[in-house]
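In: based on what follows, work out the 3D shape:
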Amino acid sequence: MTKEFRFDVLAKGGYAARGVVFLLVAGLALFSGVEGGRPETKSALSTLLGQPLGRVWVGLIGLGLLGFVAWRLAQSLADSDGHGRDGTALAIRAALLGSAITYLGLAGYALGNALFLGGGSEGSGEKGLAGWIMSQPFGSYFAIAVGAGLVIGGIVTAVKGITRKFERYVQIPDSKRIVTLVCIYGLVARGVVFVVTGVLFAYAGFRVDPGQAGSMGDALEWLLQLPLGSFLYIAVAFGLAAFGIYNLVEARYRVISGLSLADAKRSISIAGS
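Out: The predicted structure follows:
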């Protein structure tokens with residue numbers, strides 16, 4: 001046992017929690033016609049609440065997601081992955097910080113419902129974010145910029161899978177090549193959902209209408225309207241399940257740096273000064 005607390009357990013527990021959430025989302029997407037739930041993260045957690053020991057499971061997921069938030073903060077503010085400080089690195093770290101904020105909200109929703117059966121609205125977080133953005137000065141332009149950022153993030157995520165850049169941090173044994181293929185599929189599918197969500201978000205900015213902002217469920221419904229939409233919908237839904245598996249793989253094989261709590265506090269204090 002090291003004297004300094006490290007992020008290994010928090011990070012791996014966080015990846016596992018995110019993996020479970022996306023497996024639930026994929027299940028809702030594939031069976032939404034039967035269950036009637038929307039394939040979104042909050043809907044997935046709400047569905048789990050109705051199962052035996054649901055509050056316990058949702059509470060554990062919430063705690064895991066808090067660990068994931070701590071790891072994202074270490075990646076973004078303390079640069080635990082060693083991205084550096086050039087333009088590309090700062091963009092990556094900014095995206096990781098945005099991820100931390102997003103999952104902090106989801107963790108709060110999970111823990112609120114697990115403890116109090118009413119931790120927040122089940123509606124789309126994207127629409128709520130769009131409403132807040134557009135209430136600010138020049139908000140519609142900011143919404144378009146956020147949408148463009150999501151599109152770029154989706155492309156980067158898909159490329160990360162296609163080029164197998166994720167293997168820089170996820171050391172999967174050569175004997176488990178099928179696992180690598182599942183990870184590639186999951187990252188590409190997640191990238192597609194990011195791109196569609198970004199397009200809908202930017203469109204909401206053009207229309208100055210937060211209601212037009214897209215969530216994960218809206219992105220899947222949009223795909224369903226395209227030619228061969230049913231095939232695309234099912235392919236992406238299974239891809240989200242693959243993305244959930246990818247997170248479970250990260251929980252097992254992700255290389256976590258030896259960043260200590262003291263290092264993280266020092267980096268965060270420097271960033272805030």
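In: could you tell me the per-residue confidence at I245?
Out: pLDDT for I245: 96.
In: phi and psi next, for the residue lying closest to R164 once chain neighbours are set aside.
Out: Excluding the flanking residues, the one nearest R164 by CB to CB, 6 or more residues apart in numbering is I184, at 6.8 Å. C-beta: built from backbone N, CA, C; applies to glycine. Reported as degrees, to the nearest 10, the phi and psi values for I184 are phi -60, psi -50.
In: from V255, how far off is I184?
Out: Computed as CB to CB, to the nearest Å, the I184 to V255 distance reads 18 Å.
In: more neighbours: which of those two?
Out: Using other CB atoms under 10 Å, the more surrounded residue of I184 and V255 is I184, with 20 against 10.
In: might you report the residue contacts of that one?
Out: 161-162, 164 (CB atoms under 8 Å, 6 or more residues apart in numbering).
In: for A17, same thing?
Out: Shown in contact with A17 (CB under 8 Å, 6+ apart): 60-65, 67-68.
In: would JSON lines of the residues you listed with secondary structure be doable?
Out: As requested, these are exported to JSON lines (DSSP: H, G, I helix; E, B strand; the rest coil):
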{"residue": "L60", "secondary structure": "helix"}
{"residue": "I61", "secondary structure": "helix"}
{"residue": "G62", "secondary structure": "helix"}
{"residue": "L63", "secondary structure": "helix"}
{"residue": "G64", "secondary structure": "helix"}
{"residue": "L65", "secondary structure": "helix"}
{"residue": "G67", "secondary structure": "helix"}
{"residue": "F68", "secondary structure": "helix"}
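In: can you tell me which of those residues lies closest to L97?
Out: F68 (13.1 Å; CB to CB).
In: burial measure for that closest one, as a count.
Out: Neighbour count for F68, taken as other CB under 10 Å: 27.
In: check which helices and strands the helix or strand hosting A95 sits against.
Out: Assigned by DSSP states H and E, A95 belongs to helix 87-116. The contact analysis (3 or more CB pairs under 8 Å, 6 or more residues apart in numbering; DSSP states H and E) places helix 87-116 against helix 8-35, helix 41-49, helix 54-76, helix 125-134.
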